[in-house]
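J.: Please find the sequence and the predicted model below.
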Amino acid sequence: MRIGVLGAGAIGGYLGVRLSAGGAAVSLVGRRSLVELRSRLCAVALDGGRQRPGDDLVVTEDPAALRDAEVVLVTVKSTATAEAAALIDAQARAEAVVVSFQNGLGNARILRDTLGASRVVAGMVAFNVVREDEGARLRQATRGPLVAGTGEGAVDAVMRSLGEAFTAGGLALELRRDIEGVLAGKLLLNLNNGICAATGLPIASSLRSRDARWCLSRCMLEGLAAVHAAGQRPVSVLGLPPWLIARALLLPDAILLRVAKRLVSADPQARSSTLQDLDAGKPTEIDALNGAIVALGREHGVRCPANETVVEVVRGLEAASPPLPFVTPARLRERIMVRTGA
């Protein structure tokens with residue numbers, strides 16, 4: 001199968017290497033730094049298994065490499081989705097299926113506005129990938145499924161073939177018709193992305209901080225109210241309903257770490273993508289994460305002060321000079337409590 005990956009950073013590079021290792025003809029379109037690492041690229045699974053790409057893997061800055069792809073995986077930041085749609089429209093075949101593996105709820109819609117509704121499929125990567133060895137080693141650092149929608153007719157057939165290509169690379173792709181609900185469920189969990197960015201904590205440390213968990217619980221409960229008001233029904237990503245996860249986060253450390261080990265398990269080095277952007281001095285995707293809940297709440301008359309607070313803190317950090325003035329989890333909780341009257 002001929003597969004293009006547009007935006008081959010940590011997630012895109014990891015997916016592309018796994019697909020190439022399974023025998024797919026893959027073209028990674030990314031930054032110059034990735035091109036220079038071509039001979040050293042490898043993917044490391046959660047169990048430590050290592051895979052190297054096939055000899056025919058193409059790594060380039062040139063989006064013209066997408067022209068022969070049957071499928072284009074979009075893994076750019078949400079802020080670059082419209083630009084990605086224009087590139088695909090200009091470079092890829094008109095019949096190529098486009099799969100959005102991005103954060104947030106609205107990226108597939110943005111792609112459809114340019115490329116048409118029938119060939120764009122929404123997807124979700126529920127795990128985190130860290131780059132090591134100068135970026136050449138792409139290591140999965142947290143648990144979670146890889147999920148995408150189905151499509152109709154020829155698109156459905158292509159998505160099934162894509163699933164087989166992922167399976168050949170040792171990575172399962174779950175195809176679901178309720179993908180919009182899955183995306184909503186993932187967004188609720190991904191609200192921790194902003195909390196990690198606000199506090200500067202790695203994912204594991206944030207989940208072991210009772211104050212940070214309290215903040216996440218408040219953000220998730222607001223998110224649930226907003227998505228329900230919008231008529232959406234979030235689907236569980238980690239096997240537990242989002243409302244139950246939000247409540248479980250308030251349990252004492254000893255109980256939570258014993259009864260919900262899967263919920264709080266993460267590699268100690270794993271950092272949220274938003275925190276990685278702050279570390280690199282880049283604009284973040286906060287508007288597609290906690291900001292998406294704020295926007296949805298405003299549209300449907302639901303107040304989301306906890307998420308508003310997280311967005312404000314992260315935006316302040318985007319404008320700050322190093323060393324970044326992260327807030328402590330306790331201080332973030334205090335600011336949310338003042339704003340909510342909790």
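T.: Here it is on my side, so go on. Numbers count the residues shown, from 1 in each chain.

J.: Tell me the pLDDT of the residue sitting nearest the centre point of the chain.
T.: Among the residues of the chain, the one closest to the centroid is N103, at 4.2 Å (CA atoms, centre = their mean). Here, the pLDDT recorded for N103 equals 93.

J.: Quick one: end-to-end length of stretch 49-61, please.
T.: Chord length of stretch 49-61, first to last residue, is 28 Å (CA to CA, to the nearest Å).

J.: picking that back up, contact partners for the residue nearest to the centre of the chain?
T.: Counting by CB atoms under 8 Å, 6 or more residues apart in numbering, N103 makes contact with 77-78, 187, 190, 193, 273, 285, 288-289. Just so you know, the C-beta spots here come from the backbone N, C-alpha and C atoms, and that holds for glycine as well.

J.: Could you grab the helix/strand/coil label for it?
T.: Using DSSP: H, G, I helix; E, B strand; the rest coil as the criterion, the local structure at N103 reads coil.

J.: Ramachandran angles for it?
T.: Torsion angles at N103 (phi, psi; degrees, to the nearest 10) stand at phi -70, psi 160.

J.: That one and T340, how far apart?
T.: 25 Å (CB to CB, to the nearest Å).

J.: Over to V98?
T.: Separation of V98 from T340 (CB to CB) stands at 40 Å.

J.: Between these two, which is the more surrounded one?
T.: Each of V98 and T340 has its neighbours counted (other CB atoms under 10 Å); V98 has more, 27 against 15.

J.: ok, what's across the strand from that one?
T.: V72, V120 (DSSP bridges).

J.: how far does stretch 145-159 sit from the chain's center?
T.: Going by CA atoms, centre = their mean, to the nearest Å, the spacing between the C-alpha centre of stretch 145-159 and its chain's C-alpha centre is 19 Å.

J.: which other residues reach that stretch?
T.: Contact with stretch 145-159 is made by 15, 70-71, 95, 97, 99, 101, 118-119, 121-127, 162, 166, 171-177, 179, 182, 237, as judged by CB under 8 Å, 6+ apart.

J.: E164 in helix, strand or coil?
T.: Classification of E164 into helix, strand or coil gives helix, according to three-state DSSP.

J.: Same check on P53?
T.: P53 is classified as coil under three-state DSSP.

J.: What count of nearby residues applies to it?
T.: Going by other CB under 10 Å, the residues that sit close to P53 add up to 24.

J.: Can you give me the distance of it to L41?
T.: As for P53, its distance to L41 is 6 Å (criterion: CB to CB).

J.: Now do the shared contacts for these two.
T.: Applying CB under 8 Å, 6+ apart, one finds that P53 and L41 are jointly contacted by V17.

J.: mind checking pLDDT for G12?
T.: For G12, the predicted pLDDT is 97.

J.: oh sorry, the question was meant for G223
T.: What the model reports for G223 is a pLDDT of 97.

J.: And for G231?
T.: Confidence score, pLDDT, at G231: 95.

J.: tell me the secondary structure for it?
T.: If you use three-state DSSP, then G231 falls in the coil class.

J.: ok, back up a step: and the gap between the residue nearest to the centre of the chain and D287?
T.: N103 sits at a distance of 10 Å from D287 (criterion: CB to CB).

J.: buried residues in stretch 23-35?
T.: Taking 16 or more other CB atoms under 10 Å as the neighbour-count basis, stretch 23-35 is seen to contain the buried residues 24-30, 34-35.

J.: Kindly report the same for stretch 270-281.
T.: By neighbour count on 16+ other CB under 10 Å, the buried set for stretch 270-281 is 270-278.

J.: Please flag which of these sit within helices.
T.: When the buried residues of stretch 270-281 are checked against helices (DSSP state H), the matches are 273-278.

J.: Which single one of the residues you listed is nearest to S206?
T.: L275 (9.5 Å; CB to CB).

J.: That concludes my questions; thank you for your assistance.
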